[in-house]
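K.L.:
3D, please:
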Amino acid sequence: MELLLTKNIDTLGRIGDVVKVKKGYARNYLLPMGMATYVTEGNLKQLEKAKKKIEIQLKEECERLREILETISNAVCRIPAKVNEEGRLFGSVTYVHIADVLKKQGIPIDVDMIKLENPIKECGEYDVAVVLSAEMKTTCKVQVVNEEEDVV
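P.N.:
Next up, the predicted model:
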């Protein structure tokens, strides 16, 4: 089934692309979520009219994301946690914990932007990947410290 994308989808394409997808994916996800529409002359013409407006919005969004990217690159995410005598955590630090700390620092970030291969289970300093969009990626310093010794 051919559809016209109305939103950028990392795994599929960009706004205005005509893509071939399976019927179930189209009916159950893309069309109800407003991410795509049927390919018709009217929709193509409407998209061409809206393309200039979309380009301006994309430039503004790109500038905003660059500012956020720079802020994340310079941020240090300090997470106090309970640890045993060997420095291992009771539990683990996940992308949800990291996102919460960054949000408290005033950085607008969503949990799905943080790419953590495995949960952090020991005290130390880690570089965690943060992906804002397909083109914009950075790392954030995450320090996991013993909550009893954390005096900041």
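K.L.:
Helices of the chain, residue ranges please.
P.N.:
Assigned helices in the chain, in chain order: 23-25, 41-74, 95-104 (criterion: DSSP state H).
K.L.:
what's the last one packed up against?
P.N.:
Using 3 or more CB pairs under 8 Å, 6 or more residues apart in numbering; DSSP states H and E, the elements in contact with helix 95-104 are strand 76-81, strand 114-115, strand 137-146. Every C-beta, even on glycine, is put in place using the N, C-alpha and C of the backbone.
K.L.:
Now do the same contact list for the nearest residue to residue 105 once chain neighbours are set aside.
P.N.:
Closest residue in space to residue 105, ignoring its immediate chain neighbours: residue 75 at 6.1 Å, by CB to CB, 6 or more residues apart in numbering. Residues near residue 75 by CB atoms under 8 Å, 6 or more residues apart in numbering: 102, 105, 107, 140-141.
K.L.:
deepest of the helices of the chain, which one?
P.N.:
helix 95-104 (a mean of 17; mean count of other CB atoms under 10 Å).
K.L.:
In CSV, list the helices of the chain along with mean pLDDT and distance to residue 80.
P.N.:
As requested, the helices of the chain are exported to CSV (pLDDT from 0 to 100; distance: least, CB to CB, whole Å):
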stretch, mean pLDDT, distance to residue 80
helix 23-25, 94, 43
helix 41-74, 83, 20
helix 95-104, 91, 10
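K.L.:
Save those as CSV, and put in distance to residue 115 too.
P.N.:
What follows is those, written out as CSV (distance: least, CB to CB, whole Å):
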stretch, distance to residue 115
helix 23-25, 24
helix 41-74, 12
helix 95-104, 8
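K.L.:
Quick one, which of those gets closest to residue 16.
P.N.:
Ranking those by proximity to residue 16 (CB to CB) places helix 41-74 first, at 5.6 Å.
K.L.:
Counting by contacts, list what the closest one packs against.
P.N.:
strand 2-5, strand 137-146.
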